[in-house]
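[1] based on what follows, work out the 3D shape:
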Amino acid sequence: MEFLHYSVRRIAGGIPLILGVTLVSFVLMVYFGPDKTYELLSKNPTAEEIAQVRAQLGYDRPFWVRYGIYIKELATLDFGYSDSTGERVTSILKRTIPVSLALLAPGFVLGNLLGIVLGLVAAWHRGGWIDKTIMGIAVVGMSISFLVVIIAFQVLFGVVLGWFPVRGWNVHDLGSYVHYVTVPTLASVFVALGYNTRFFRAVLVEEMQRDHVRTARAFGAGALEILWKNVLMNAMIPICTRIMFSIPLVVVSGSLLIESYFGIPGVGKVTYDAITSGDQPILKAVVGLTAVLFVLILIANDVVYRAVDPRVDLTGAAPK
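    From the prediction side, this is the model:
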């Protein structure tokens, strides 16, 4: 019951965020987005034909009426039909979202796990050559553009070595899944690892300077025990925060780049095509659902806090 009340309060608190994001995006799409009126008309349309098409597209309605319709679509998850293909937007999302999740999950998990491990090793050897080497490699990885990494990995693994496909998504079993997901996963891990390692190292170094860690060392605790029980477990709040709040960024920007350049039919590729073609129903769906995802992440993040730190009270999400 406590969690239910907390969830209701969080969702209610997230409504202004959803309204703000959707309002800004809707303003940009209405006033700066493409006008598709003349794409649906003949070369020399009459005034009556123009008025009919604008009414069909809803352009003749007042702004707030159109925005209210958008909010209703978001609440009912019924975004109408794609301007480009004529397919229902809901059907498109149902088909593409699982592809994006399957594509991004391995890189997201591996990038964070490896970042935590390297952060622990660097923090334990703080100031030594191991720490400097790990941080140097992390800085190099951060300085390389994601697009450059994608192209380089496509050339290396697809053209030079020929080990893996670098276009398409012909997945029908576990073997084919591993075959197609390997290069995108390696590219995403390579890019994310530098940022993750630097952040996790900073958090873990701060935790290693606590009195309880010095006490554990004084009592002869081993390195693995200290790193696991005294350092990592006590640093899980900021670590979980970074991981949870990076999910929307990965889903939107990560899938958009990877799927566009690898030709994978996920929600990122659909979003990219919608941007280039001005397909507003798809863009409105993606923006609105991303705002909703952020609010859900807020709720899930506090629940994770409670799981890793029993002192956290869900009524305030702060240590008692």
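[2] C-alpha from now on. contacts and neighbour counts both.
    Noted.
[3] distance check, the residue lying farthest from the centre of the chain against residue 195.
    Most distant residue from the mean C-alpha position of the chain: residue 46, 45.7 Å away (Cα atoms, centre = their mean). Distance of residue 46 to residue 195, computed by Cα to Cα, to the nearest Å: 57 Å.
[4] do the same with residue 25
    Computed as Cα to Cα, the residue 25 to residue 195 distance reads 29 Å.
[5] which stretches of this protein form helices?
    2-32, 47-57, 63-76, 89-124, 129-143, 146-153, 174-208, 211-218, 223-225, 236-245, 247-249, 255-262, 267-277, 280-308 (DSSP state H).
[6] want to throw those helices into JSON lines with mean pLDDT, mean neighbour count and distance to residue 167?
    Shown next, in JSON lines, are the helices of the chain (pLDDT from 0 to 100; neighbours: other Cα atoms under 10 Å; distance: least, Cα to Cα, whole Å):
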{"stretch": "helix 2-32", "mean pLDDT": "71", "mean neighbour count": "14", "distance to residue 167": "31"}
{"stretch": "helix 47-57", "mean pLDDT": "76", "mean neighbour count": "14", "distance to residue 167": "35"}
{"stretch": "helix 63-76", "mean pLDDT": "84", "mean neighbour count": "14", "distance to residue 167": "33"}
{"stretch": "helix 89-124", "mean pLDDT": "88", "mean neighbour count": "19", "distance to residue 167": "13"}
{"stretch": "helix 129-143", "mean pLDDT": "86", "mean neighbour count": "15", "distance to residue 167": "24"}
{"stretch": "helix 146-153", "mean pLDDT": "84", "mean neighbour count": "16", "distance to residue 167": "12"}
{"stretch": "helix 174-208", "mean pLDDT": "86", "mean neighbour count": "20", "distance to residue 167": "8"}
{"stretch": "helix 211-218", "mean pLDDT": "76", "mean neighbour count": "14", "distance to residue 167": "49"}
{"stretch": "helix 223-225", "mean pLDDT": "77", "mean neighbour count": "12", "distance to residue 167": "42"}
{"stretch": "helix 236-245", "mean pLDDT": "84", "mean neighbour count": "16", "distance to residue 167": "28"}
{"stretch": "helix 247-249", "mean pLDDT": "77", "mean neighbour count": "15", "distance to residue 167": "23"}
{"stretch": "helix 255-262", "mean pLDDT": "82", "mean neighbour count": "22", "distance to residue 167": "5"}
{"stretch": "helix 267-277", "mean pLDDT": "84", "mean neighbour count": "19", "distance to residue 167": "12"}
{"stretch": "helix 280-308", "mean pLDDT": "79", "mean neighbour count": "19", "distance to residue 167": "24"}
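[7] to residue 165, which of these lies closest?
    Of all the helices of the chain, helix 174-208 sits nearest to residue 165, with 6.1 Å by Cα to Cα.
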